[in-house]
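1. no sequence for this one, just the structure:
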């Protein structure tokens, strides 16, 4: 079984730390100071609206039984995220109970403070429209900021439905998503053919295929980019388990391995917002640190790639 972020954090706490390489679940003085710094923001090209450059993804971690006990730590994480300036939260009807859980969490004023994204994954106009209607109900909202066609399922039909809803003011942006490299060959023609506000793709320091063609095409076509699985579904935590953060990471204001991985992704200017899963307030505090301070330049990115590739 792959090590969790918790196990990597716990293991790192036992290591001697290089300057600037603090890595624990407790809030350090550096973390507290960084909380006062503004988050990096990236514009949505189709509108110019700027979004904080780290979001929350709800796959797996928010697929819990919708009881007060199970929801409480997730609500704490979302509240901390919003308090620190985060806005983007991504979910989907195919993520089990995640929409129901998120709908409960966002009651009481939080909904108005987040950029809420979901998806449609049913083929056929009636089935797709019905699924979107259920998302509105489960999320307890009358407007969703972004709805994307999940995994390019019946793309033409579902995009037509989404554009109708956009015209009615029910949704603000439309897009498409993929989650593996093998889908890029189908994604690229859709990007060239359709005027999309967003795409969502998989991209990580150990999975860089999207940077070859997809990310440049998004920049060319004026599409915002959400990045899923920026930690490689925990592959990266496995790779660095028991290893110290290199001292030179401090040169781009990086204080933990999660920030190292996220700052690499954010350093690509085509990326609007990676959406790692964050089920604890401590993870929120750490991950948002990646959207503060300096980002690695081209030389630093090459050094980061070489380090991870050698593991």
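-> Arrived safely, thanks for sending. Please read all numbers here as calculations on a predicted model, not as lab measurements.
2. average model confidence for stretch 191-209?
-> Averaging pLDDT along stretch 191-209 gives 98.
3. give me the buried stretch members for that stretch, please.
-> Buried residues in stretch 191-209, defined by neighbour count with 16 or more other C-beta atoms under 10 Å: 191, 194, 196-205, 207-208. (C-beta placed from N, C-alpha, C; glycine too.)
4. over to stretch 148-162?
-> 148-155, 157-159, 161-162.
5. quick one on the thing from earlier: just the buried residues of stretch 191-209: which are in helices?
-> Cross-referencing the buried residues of stretch 191-209 against helices under DSSP state H gives residue 191.
6. contacting residues around the residue positioned nearest the centre of the chain?
-> Centroid check for the chain by C-alpha atoms, centre = their mean gives residue 275 as the closest residue, at 0.6 Å. Counting by C-beta atoms under 8 Å, 6 or more residues apart in numbering, residue 275 makes contact with 54-57, 88, 90, 200, 226-228, 230.
7. and which of those is nearest residue 69?
-> residue 56 (20.4 Å; C-beta to C-beta).
8. isn't the closest one right up against residue 86?
-> Yes: at 7.0 Å, residue 56 and residue 86 qualify as touching, with contact defined as C-beta atoms under 8 Å.
9. who touches both of those two?
-> residue 284.
10. for the closest residue to residue 95 other than its chain neighbours, helix, strand, or coil?
-> Using C-beta to C-beta, 6 or more residues apart in numbering and skipping residues adjacent in sequence, the residue nearest residue 95 is residue 59, 5.0 Å away. Following DSSP: H, G, I helix; E, B strand; the rest coil, the label given to residue 59 is coil.
11. residue 59 contacts residue 92, correct?
-> Yes: judged on C-beta under 8 Å, residue 59 makes contact with residue 92 at a distance of 7.2 Å.
12. neighbour count winner among the two?
-> residue 92 (23 against 19; other C-beta atoms under 10 Å).
13. who are the contact partners of that one?
-> Taking C-beta under 8 Å, 6+ apart as the criterion, residue 92 is in contact with 58-59, 98-99, 118-119, 121, 150.
14. can you redo those as JSON lines with distance to residue 171 and pLDDT?
-> Below are those laid out as JSON lines (distance: C-beta to C-beta, whole Å; pLDDT from 0 to 100):
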{"residue": "58", "distance to residue 171": "18", "pLDDT": "97"}
{"residue": "59", "distance to residue 171": "20", "pLDDT": "95"}
{"residue": "98", "distance to residue 171": "18", "pLDDT": "98"}
{"residue": "99", "distance to residue 171": "15", "pLDDT": "98"}
{"residue": "118", "distance to residue 171": "9", "pLDDT": "98"}
{"residue": "119", "distance to residue 171": "11", "pLDDT": "98"}
{"residue": "121", "distance to residue 171": "16", "pLDDT": "98"}
{"residue": "150", "distance to residue 171": "14", "pLDDT": "98"}
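15. going through the contacts of residue 275, which ones are buried?
-> 54-57, 88, 90, 200, 226-228, 230.
16. output the lowest mean pLDDT helix or strand found in this protein.
-> Within the chain, judged by mean pLDDT, DSSP states H and E, the helix or strand with the poorest mean is helix 29-34; its value is a mean of 47.
17. next helix or strand past that one?
-> strand 41-43 (DSSP states H and E).
18. starting from whichever helix or strand comes after that next one, tell me which strands it pairs with and how they run.
-> As assigned by DSSP H and E, the chain's next helix or strand after strand 41-43 is strand 50-52. Sheet pairing of strand 50-52 (DSSP bridges) gives strand 41-43 (antiparallel).
19. buried sites along the partner strand?
-> Those would be residue 42, for strand 41-43 by 16+ other C-beta under 10 Å.
20. follow-up on the earlier one: which of the buried residues of stretch 148-162 sits closest to residue 171?
-> Using C-beta to C-beta, those come closest to residue 171 at residue 162, 6.4 Å.
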